[in-house]
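**Q** Below are the sequence and a predicted model; questions follow.
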Amino acid sequence: LCHINADISGMKVPWCYVGMCFSSFCWHIEDHWSYSINYLHWGEPKSWYGVPGSAAAKFEDVMRQAAPELFEQAPDLLHQLTTIMNPNILMKKGVPVSGAYPLQTKIIMRLIFLP
């Protein structure tokens, strides 16, 4: 990234997310399939859910079945931050979902999406 002179939002220009009780975040693929590091400064544990790369195709199939019209309009929908689904629904459809519940001052690192 040090050789790229452009400002790329979310890659070279950092983002700050602020969450609160009952807030949620959409299922998505990280920008440019990159890693993600998140830090919980303070507050109650935050629930994080993820799908292993080996189940990426199944995950995308289930999401496409749930909202076919959205995927027709935006084939890269999972790169946008607009798609939300209860993890229990994904698991009922056969998508393995794992969870992490970090306490304050803990780091969550998410690795690359591999289809």
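**A** Yep, it's here.

**Q** quick one, longest helix in the protein?
**A** Using DSSP state H to define each element, the chain has its longest helix at helix 56-66.

**Q** right, and residue 108 touches residue 49 too?
**A** No: using C-beta atoms under 8 Å, residue 108 is not in contact with residue 49, being 11.0 Å away. Where C-beta positions appear, they are placed from N, C-alpha and C, glycine not excepted.

**Q** which parts of the longest helix of the chain are buried?
**A** 56, 59-60, 62-63 (16 or more other C-beta atoms under 10 Å).

**Q** between those residues, which is nearest residue 93?
**A** residue 62 (4.6 Å; C-beta to C-beta).

**Q** Do I have it right that that closest one meets residue 90?
**A** Yes: between residue 62 and residue 90 there is a contact under C-beta under 8 Å: 6.0 Å.

**Q** list the contacts for the spatially most central residue of the chain?
**A** By C-alpha atoms, centre = their mean, the chain has its centre lying nearest to residue 28, at 3.9 Å. By C-beta atoms under 8 Å, 6 or more residues apart in numbering, the residues touching residue 28 are 78-81, 83.

**Q** how about a cut-off of 6 Å?
**A** 78, 81 (C-beta atoms under 6 Å, 6 or more residues apart in numbering).

**Q** Need the phi and psi values for it.
**A** The phi and psi values for residue 28, taken as degrees, to the nearest 10, are phi -160, psi 170.

**Q** And it, how far from residue 38?
**A** Applying C-beta to C-beta, to the nearest Å, the value for residue 28 to residue 38 is 13 Å.

**Q** likewise residue 44?
**A** In this view, residue 44 and residue 38 are 15 Å apart by C-beta to C-beta.

**Q** same question, residue 26
**A** Distance from residue 26 to residue 38, by C-beta to C-beta: 15 Å.
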